[in-house]
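Engineer: Just to be clear, the model below is a prediction. Sequence and coordinates:
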Amino acid sequence: MKPTVLIVDDEKNTRDGLRLALEDQYEVYVASNADEALNLMEVESFEVILTDLRMAGKSGLSVIDHAVALPSKPICIMMTAYGDVDTAVEAMRRGAFDFHTKPINIEKLEFIIKRALQSRNVEKENELLHTRLDKRYQFDQIIGNSQPMVSVLDRVKLVAPTKATVLLEGETGTGKELVAQSIHQNSNRARGAFVAVHCAALASNLLESELFGHEKGAFTGANERRVGRFESSDGGTLFLDEIGEIDAATQVKLLRFLETRSFERLGSSKPIKVDIRLVCATNRNLAEMVQRGEFREDLFYRLNVIRIKLPSLTERKEDIPLILKHYINFFSKENDLPSLEVQPSAMAVLVDYNWPGNIRELRNFCENSVILKQGTVLDSKDLDPKFFSKKEAFQSNQLKAHPLDISTPSLSLDINEKQLLRNALLKSGGNRTKAAELMGISRRTLHRKLLKWPELDPKLL
């Protein structure tokens, strides 16, 4: 659809001339005075308004004042005589995008309109991006109903609106960066930059320059000035992951920043003040590192203003089914593949697994399963052996080593029943209730049979 343009001018020749010039590219409406324009704005939505300044009755300023107060604010361009430039500047102060002096130069006016529409599109894209970010990093996007995660989220909600430095602790893969992003996105810095630095990924001789920047000639290879991460996060949030990996020199500079809120680029003595929120994360015990002399005690206390420890998956096993479902659905949609239904037998194994890589490992498992699984059902037999405990693996091997031999069946009912009972107990991991269900008998009947064959006691298998 063509962009809609409203032309407001009390000179008929000007209105008609502009309409003829613009109607090939735009849906053009005209108004002969301010009141007519205000009435049109009540019933139509315009993307651009071209208004003359001096008109009979109300001036073009009243048109602009009304337009900029609309929920869907149109782009306003003032058309004015050369002697009214000061008034046109006042119109821009009130919200007009630009002004154009008469006589009208159509090519120049079309250029102004196109530039204005491009600017509006960029604004809309930025608003859409921020809306998506807001949705992505709302607290309800951090999955978990377990008590450890509820406690974490309650603490995060209290911290996010403040300026306090936050220290996130937890094992690798527990979602520390996601929590840091949520803190940023739910603060008054949400429109500013969120800058993440993974300290362990940078050599110590590069980290200081990466964080604080450097001047040209500060060291060999410094051929131009470099703006560091502290400067680029001004007005926003700086997230330092694996803070326990920074060397002594960088620790000193970071401590000085926390004390003065300023720093110097390498090769410069000029202090630079920035306004940032600092969020740090570590999978190491900083307090123990202080005791061993590996981390500055004064820096630790500066960082440890608000401390939030993220639980591992083994500490929040009741959240595993929710997280599995979330990532399976996510990767199914992303790859345009059918979603997987996780069978209870597989879910029980996955919940019992210790997940040493935490959420990161679980996420990778879901992506792998969605892409490589043939069919739409995930059963325990589809799982890698690593997901089974040593006990389960031993029982599985025992069952394979001593199967019920149906190729040469015994004519003795007792022998066959004993073998069947033994297999059921092995398969159920010694659980008598499950073994009875597998055999289709009651638990009391199974108990009587175990009295008959005491060597089949689950404790002895």
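Structural biologist: Ah, there it is. If you're wondering where the values come from, they're calculated on a predicted model, not measured in any experiment.
Engineer: Give the residue spans of the stretch 51-200 of the chain that score low on pLDDT.
Structural biologist: Where the stretch 51-200 of the chain drops to pLDDT under 70, the residues are 82-85, 125-141.
Engineer: Okay, strands next: where are they in it?
Structural biologist: 75-80, 98-101, 166-169, 194-198 (DSSP state E, counting those that start in this stretch).
Engineer: what helices or strands is the third one leaning on?
Structural biologist: Translated: strand 166-169. Where contact means 3 or more CB pairs under 8 Å, 6 or more residues apart in numbering; DSSP states H and E, strand 166-169 is packed against helix 176-185, strand 277-282, strand 306-309. In this view, the C-beta of every residue, glycine as well, is placed from N, C-alpha and C.
Engineer: just to revisit the earlier point, any chance of the strands of the stretch 51-200 of the chain in TSV with distance to K373 and mean neighbour count as columns?
Structural biologist: What follows is the strands of the stretch 51-200 of the chain, written out as TSV (distance: least, CB to CB, whole Å; neighbours: other CB atoms under 10 Å):
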stretch	distance to K373	mean neighbour count
strand 75-80	52	24
strand 98-101	58	18
strand 166-169	34	23
strand 194-198	32	18
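Engineer: of all those strands, which lies closest to I359?
Structural biologist: strand 166-169 (13.8 Å; CB to CB).
Engineer: That closest one pairs with which strands?
Structural biologist: Strands that pair with strand 166-169, judged by DSSP bridges, come out as strand 277-282 (parallel), strand 306-309 (parallel).
Engineer: how about CSV for those, with mean neighbour count and distance to Y327 added?
Structural biologist: Converted to CSV, the strands paired with strand 166-169 look like this (neighbours: other CB atoms under 10 Å; distance: least, CB to CB, whole Å):
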stretch, mean neighbour count, distance to Y327
strand 277-282, 25, 22
strand 306-309, 16, 23
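Engineer: Output those strands as JSON lines; include the columns distance to R94.
Structural biologist: Output for the strands paired with strand 166-169, formatted as JSON lines (distance: least, CB to CB, whole Å):
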{"stretch": "strand 277-282", "distance to R94": "34"}
{"stretch": "strand 306-309", "distance to R94": "43"}
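Engineer: OK, contacts around E417?
Structural biologist: K449 (CB atoms under 8 Å, 6 or more residues apart in numbering).
Engineer: Which stretches in the stretch 151-300 of the chain count as helices?
Structural biologist: 176-185, 204-212, 229-232, 248-260, 286-291, 297-303 (DSSP state H, counting those that start in this stretch).
Engineer: which stretches of the stretch 351-461 of the chain form strands?
Structural biologist: Using DSSP E, counting those that start in this stretch, strands in the stretch 351-461 of the chain cover 377-378.
Engineer: ok so, going back, of the helices of the stretch 151-300 of the chain, which shows the lowest average pLDDT?
Structural biologist: Lowest mean pLDDT of the helices of the stretch 151-300 of the chain: helix 204-212, a mean of 84.
Engineer: Just the C-alphas of that helix, formatted as PDB.
Structural biologist: Output of helix 204-212 as PDB, limited to C-alpha atoms (Å, rounded to 0.1, in the frame of the first residue of the first chain):
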ATOM      1  CA  SER A 204      45.600 -12.000  29.800                       C
ATOM      2  CA  ASN A 205      47.700  -9.600  27.600                       C
ATOM      3  CA  LEU A 206      44.600  -8.900  25.500                       C
ATOM      4  CA  LEU A 207      41.900  -8.700  28.200                       C
ATOM      5  CA  GLU A 208      43.000  -5.400  29.600                       C
ATOM      6  CA  SER A 209      42.900  -3.700  26.200                       C
ATOM      7  CA  GLU A 210      39.600  -5.400  25.300                       C
ATOM      8  CA  LEU A 211      38.000  -4.000  28.500                       C
ATOM      9  CA  PHE A 212      39.500  -0.600  28.700                       C
END
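Engineer: Perfect, I'm done here.
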